[in-house]
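1. The following comprises the amino acid sequence and a computationally predicted model.
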Amino acid sequence: KHLDRKLTELDPIELAVLRLGAFELTDSVAVPFRVVINECIELGKVFGATDGHKYVNGILDKLAIEHRAVEIAAKKSATPR
C-alpha cells in the first residue's frame, strides 16, 4: 500500500528491514514507534544499499501514521513548542 515500487525491485536487505519494521509497528505496540523506525534506519545504513535507509524511513513513517496514530498524536501534544 505504501510502496511505490514492486517488491521484486527492492534491495533484499531493505525488504527484510521493512518487513521487520512493519511487524513491529503493527504487532509490537510496546515498542515506541520512533524506536522501531530508528532501529530499522540503522539496520538499513549498515547493511542496505546506498541511501536505502531513506526509503525505509519514508515507508515506515507512513506506516506508523496509519497504525500508531494515537501514539503519534500523544507524542506531538506532549512536545513543548
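-> Sure, I can see it. Numbering: from 1, shown residues only.

2. shaky segments in the protein?
-> 81 (pLDDT under 70).

3. how about the helices of the protein, start to end?
-> Taking DSSP state H to define them, one finds helices in the chain at 12-27, 33-47, 52-67, 69-78.

4. Can you spell out which helices and strands pack onto the shortest one?
-> Counting contacts by 3 or more Cβ pairs under 8 Å, 6 or more residues apart in numbering; DSSP states H and E, the secondary-structure elements packed against helix 69-78 are helix 33-47. In short, each C-beta sits where N, CA and C put it, glycine included.

5. angle of the helix it packs on against helix 69-78?
-> Relative orientation of helix 33-47 and helix 69-78, computed by axes from the mean of the first three to the mean of the last three Cα atoms, to 10 degrees: 100 degrees.

6. Pull the contacting residues for the residue nearest the centre of the chain.
-> Per Cα atoms, centre = their mean, the C-alpha nearest to the average position across the chain is that of residue 60, at 2.5 Å. Counting by Cβ atoms under 8 Å, 6 or more residues apart in numbering, residue 60 makes contact with 18, 21, 22, 25, 36, 37, 40.

7. Format these as CSV; extra columns: neighbour count and distance to residue 10.
-> As requested, the contacts of residue 60 are exported to CSV (neighbours: other Cβ atoms under 10 Å; distance: Cβ to Cβ, whole Å):
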residue, neighbour count, distance to residue 10
18, 23, 7
21, 24, 13
22, 18, 13
25, 22, 18
36, 22, 19
37, 21, 17
40, 26, 14
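
8. and of those, the nearest to residue 65?
-> Ranked by distance to residue 65 (Cβ to Cβ), the contacts of residue 60 are led by residue 25 at 10.0 Å.

9. Is it correct that the closest one is in contact with residue 32?
-> No: taking contacts as Cβ atoms under 8 Å, residue 25 lies outside contact range of residue 32: 10.3 Å.

10. Nearest to residue 1, out of the helices of the chain?
-> helix 52-67 (8.3 Å).

11. Can you show me the CA trace of the closest one as CSV?
-> The C-alpha coordinates for helix 52-67 follow below in CSV (Å, rounded to 0.1, in the frame of the first residue of the first chain):
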residue,chain,number,x,y,z
GLY,A,52,18.3,2.7,1.2
HIS,A,53,17.7,3.8,4.8
LYS,A,54,16.0,7.0,3.5
TYR,A,55,13.4,4.8,1.7
VAL,A,56,13.0,2.6,4.8
ASN,A,57,12.4,5.8,6.8
GLY,A,58,9.8,7.1,4.5
ILE,A,59,7.8,3.9,4.2
LEU,A,60,7.9,3.1,7.9
ASP,A,61,6.9,6.7,8.8
LYS,A,62,3.8,6.3,6.6
LEU,A,63,3.0,3.0,8.2
ALA,A,64,3.4,4.5,11.7
ILE,A,65,1.0,7.3,10.9
GLU,A,66,-1.6,4.7,9.8
HIS,A,67,-1.1,2.2,12.6
